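Q: No letters, just coordinates:
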Ligand SMILES: Nc1ncnc2c1ncn2[C@@H]1O[C@H](COP(=O)(O)OP(=O)(O)OP(=O)(O)O)[C@@H](O)[C@H]1O
Ligand SMILES: O=P(O)(O)OC[C@H]1O[C@H](OP(=O)(O)OP(=O)(O)O)[C@H](O)[C@@H]1O
Ligand SMILES: O=C(O)c1cccnc1
Ligand SMILES: [Mg+2]
């Protein structure tokens, strides 16, 4: 490898330091081979043409916000940085590439592949967890064209689902409201193990509170939560099965020798109550046994799934009997989970039952018992529940959340915008697909009320927008759409996350919890009309006057003139 010198320091000396704090990608399948074949055929062709070291700038962006909304959350950056920090083809991988390309490809190309890494690549990116908009580069990747081209597919893959599912989570949080506990239950329904692990990470980033996914809890430190299943309930036949019936008082002062009888006593008291006795008579004994067992196993965090047989005639009274018995021993039960039927109605009925117990038996706080709902929930059902009125405190959401059922992909792209300092453009019949040329800087301009007003892209050598100074913001493609803005605050969006051989300081990769906080804060800062579900107002994305003129000059220059006959 050439001992290139940057600012008097050998690159080989810089790289290990930079890498030292950056761990390997979460998924070991993220290797230089996680790409499309054409990246290697192009790399060969660049190399053969002697072009491979030409300095290229690519923008990674998306064209349209997902889920019919007007915002997206950017996620996946950390995994991209981990990928490039360790980007190095192994001998085994090189041998496989050799066997996959035609035998006419020259052997020296494989020596070239052996030498490449990302020490000469520069990455500027919007911080992970930011609210972002179409057309604005999320990442700007600069480096030798052959190397950057080899990064394309993995980068797009790492950003696409991450940003999509983070946005999906944020949208679910928006409908559910700040005060609700949101649990991600998607692992079993996710698209494979990587889908499941990624979903847990990014749903947490997007504002969920916890996951049921144990591996994700370990990998990322996400809080773990869970209840139990119908199988657990129906696996019991009767309370006679329970052999160890003893339970120590919470303060350790005494032992209740027969917790099963204590539960039965409470169930009879409930049956005897004037109001509650009218709601149920005989409850299911298999369910009672299951709840009693679970209470014995987890007296300090008892939560029961109450819809296996009949919510109000069996599940809720059985739960309450166990919860009240636990209460006698100084424990506070957590609550119930509903997993079928009309979740709004049942949650209200259960709440009334809890409140009646609080009043009739003087058990303070019993009315506030937590109610979790699950079963095919999505933005629409959450919205319907809100409209009807419900008493749910916590939602467990799986399938619709993690599979991004409402929209399966974000459509992230990776486009060349400059080579050897020459701006490049990609034309299309569809104007939304025309790329915005040039190595650019991007800014978010904030207005008087503290809301972001517009994002503006400008050429890298243009003077940046200044607070208090009027600037013309132009729609990149529509001549008549333009606005003057006097920003009260200017935020530069693209920050250096991988300086390559430049002497720029590398931004730290923050812990997941901090990214989540950034995401929540950014969403709170948005003007509410951009966020609403029905007909949200599009956020303005613009270019400077100079960049506008240049785009259209280049467009005319590159587009062939037709001949009419
Ligand atoms: N009050 C409500 N308003 C609107 N949608 C609701 C309400 N309560 C539940 N839902 C939704 O209605 C659907 C009910 O689905 P489905 O008919 O498959 O469930 P179920 O028959 O109640 O339960 P399961 O088949 O799982 O035992 C779910 O998507 C659920 O989230
Ligand atoms: O509905 P989701 O949003 O995907 O949430 C996860 C679901 O997974 C569990 O049961 P599972 O669906 O495996 O069985 P069930 O439908 O028969 O309860 C749980 O009870 C939820 O219903
Ligand atoms: O803990 C739960 O209740 C749970 C976990 C995964 C899927 N459904 C439910
Ligand atoms: Mg289900």
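A: Received it, and whenever you're ready, just let me know what you need. All of these numbers come straight from a predicted model, not from anything done at the bench. Ligands and ions are numbered 1, 2, ... in the order given.
Q: which residues does the residue of the chain found nearest ligand 2 contact?
A: Nearest to ligand 2, among the residues of the chain, is residue 398, at 2.7 Å (CB to the nearest ligand atom). Quick note: C-beta positions are derived from backbone N, CA and C, even for glycine. By CB atoms under 8 Å, 6 or more residues apart in numbering, residue 398 lies in contact with 184, 185, 186, 187, 188, 189, 374.
Q: Report the two of those separated the most.
A: Largest separation among those by CB to CB: 187 and 374, giving 13.5 Å.
Q: All the strands of the stretch 151-300 of the chain, residue numbers only.
A: Assigned by DSSP state E, counting those that start in this stretch, the stretch 151-300 of the chain shows strands spanning 181-184, 210-211, 247-248, 255-256.
Q: Spell out which parts of the stretch 201-350 of the chain neighbour ligand 2.
A: Residues of the stretch 201-350 of the chain lying near ligand 2 by CB under 6 Å from any ligand atom: residue 339.
Q: Up against ligand 1, what does the stretch 201-350 of the chain have?
A: Residues of the stretch 201-350 of the chain lying near ligand 1 (CB under 6 Å from any ligand atom): 340, 341, 342, 343, 344.
Q: Identify the residues contacting the fourth one.
A: Residues in contact with residue 343 (CB under 8 Å, 6+ apart) are 373, 375, 381, 385, 390, 392.
Q: And the second one, by the same measure?
A: With contact taken as CB under 8 Å, 6+ apart, residue 341 is in contact with 307, 311.
Q: again, only this time at 10 Å
A: Contacts for residue 341 (CB atoms under 10 Å, 6 or more residues apart in numbering) come out as 307, 310, 311, 375.
Q: Out of these, give me the two with the largest separation.
A: For the contacts of residue 341, the farthest-apart pair by CB to CB is 310 and 375; their separation is 16.0 Å.
Q: Count the residues that sit near the residue of the stretch 401-550 of the chain found nearest ligand 3.
A: Here the stretch 401-550 of the chain gets closest to ligand 3 at one residue, residue 402, 10.8 Å apart by CB to the nearest ligand atom. As a burial measure, residue 402 scores 29 neighbours (other CB atoms under 10 Å).
Q: can you list the residues of the protein near ligand 3?
A: Residues of the chain lying near ligand 3 (CB under 6 Å from any ligand atom): 185, 212, 226, 227, 337, 374, 396, 398.
Q: what pLDDT does the fourth one get?
A: Reading off the confidence values, residue 227 has pLDDT 97.
Q: That one touches residue 291, doesn't it?
A: No: using CB atoms under 10 Å, residue 227 makes no contact with residue 291, being 11.7 Å away.
Q: Counting neighbours around each, name which of these two comes out higher.
A: Using other CB under 10 Å, the more surrounded residue of residue 227 and residue 291 is residue 291, with 32 against 21.
Q: got the contact list for the more buried one?
A: Counting by CB under 10 Å, 6+ apart, residue 291 makes contact with 228, 232-233, 236, 239, 263, 283-284, 302-306, 315, 318-323, 333, 336.
Q: swap the cut-off to 8 Å and go again
A: 233, 263, 304, 318, 319, 321, 322.
Q: Quick check: pLDDT value at the fourth one.
A: With respect to pLDDT, residue 318 scores 98.
Q: Contacts for the particular helix or strand that has it in it, please.
A: Applying DSSP states H and E as the criterion places residue 318 in helix 316-328. Contact partners of helix 316-328, identified using CB under 8 Å, 6+ apart, comprise 256, 259, 262-267, 269-271, 276, 279-280, 283-284, 287-288, 291-292, 294-295, 299, 302, 304, 306, 332-333, 336, 349-350, 353-354, 357, 361, 363, 366, 369.
Q: Show the subsequent helix or strand relative to it.
A: Downstream of helix 316-328, the next assigned helix or strand under DSSP H and E is strand 335-338.
Q: quick one: pLDDT of the nearest residue to residue 368 once chain neighbours are set aside?
A: Closest residue to residue 368 apart from its sequence neighbours, by CB to CB, 6 or more residues apart in numbering: residue 354 at 7.6 Å. On the pLDDT scale, residue 354 is placed at 98.
Q: Could you do residue 1 as well?
A: You'll see residue 1 listed with a pLDDT of 32.
Q: same deal with residue 434?
A: Reading off the model, residue 434 has pLDDT 91.
Q: Ok, the one 4 residues further on next?
A: At residue 438, the predicted lDDT confidence score is 96.
Q: Would you confirm that it contacts residue 417?
A: Yes: using CB atoms under 8 Å, residue 438 is in contact with residue 417, at 5.9 Å.
Q: any common contacting residues for those two?
A: Shared contacts of residue 438 and residue 417 (CB under 8 Å, 6+ apart): residue 423.
Q: Among the two, which residue is more densely surrounded?
A: The residue with more neighbours, out of residue 438 and residue 417, is residue 438; 26 against 22, by other CB under 10 Å.
Q: Could I get the phi/psi values of the nearest residue to residue 181 once chain neighbours are set aside?
A: Using CB to CB, 6+ apart and skipping the chain neighbours, the partner closest in space to residue 181 is residue 394 (3.8 Å). Dihedral pair for residue 394: phi -150, psi 140, per degrees, to the nearest 10.
Q: Residue 394: neighbouring residues, count only.
A: 22.
Q: so it sits right up against residue 179, yeah?
A: No: taking contacts as CB under 8 Å, residue 394 lies outside contact range of residue 179: 10.2 Å.
Q: Need the distance between the two termini of stretch 226-240.
A: Length of stretch 226-240, first residue to last, CA to CA, to the nearest Å: 27 Å.
Q: do the same with stretch 412-429
A: End-to-end distance for stretch 412-429: 19 Å, by CA to CA.
Q: follow-up on the earlier one: output the residues of the chain next to ligand 3 in a markdown table; the columns should cover distance to residue 175.
A: What follows is the residues of the chain next to ligand 3, written out as a markdown table (distance: CB to CB, whole Å):
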| residue | distance to residue 175 |
| --- | --- |
| 185 | 17 |
| 212 | 21 |
| 226 | 23 |
| 227 | 22 |
| 337 | 20 |
| 374 | 16 |
| 396 | 15 |
| 398 | 16 |
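Q: of those, buried ones?
A: Buried residues within the residues of the chain next to ligand 3, defined by neighbour count using 16 or more other CB atoms under 10 Å: 185, 212, 227, 337, 374, 396, 398.
Q: Residue 395 reaches residue 370, doesn't it?
A: No: between residue 395 and residue 370 there is no contact, the gap being 11.5 Å when judged by CB under 8 Å.
Q: Out of those two, name the residue with the larger neighbour count.
A: Using other CB under 10 Å as the criterion, residue 395 and residue 370 rank with residue 395 on top: 26 against 15.
Q: strand partners of the host helix or strand of the more buried one, parallel vs antiparallel please.
A: Taking DSSP H and E as the definition, one finds residue 395 inside strand 394-397. Strand pairing for strand 394-397, determined by DSSP bridges: strand 181-184 (parallel), strand 370-373 (parallel).
Q: Could you see whether ligand 2 lies near the first one?
A: Going back to what we said before, that points to strand 181-184. No: using CB under 6 Å from any ligand atom, strand 181-184 stays clear of ligand 2, coming no nearer than 9.3 Å.
Q: average pLDDT across that strand?
A: For strand 181-184, the mean pLDDT works out to 98.
Q: who in the chain is up against ligand 2?
A: For the chain, the residues in contact with ligand 2 (CB under 6 Å from any ligand atom) are 185, 188-189, 339, 374-377, 396-400.
Q: Okay, now the unreliable bits of this structure?
A: By pLDDT under 70, the weakly predicted segments of the chain are 1-20.
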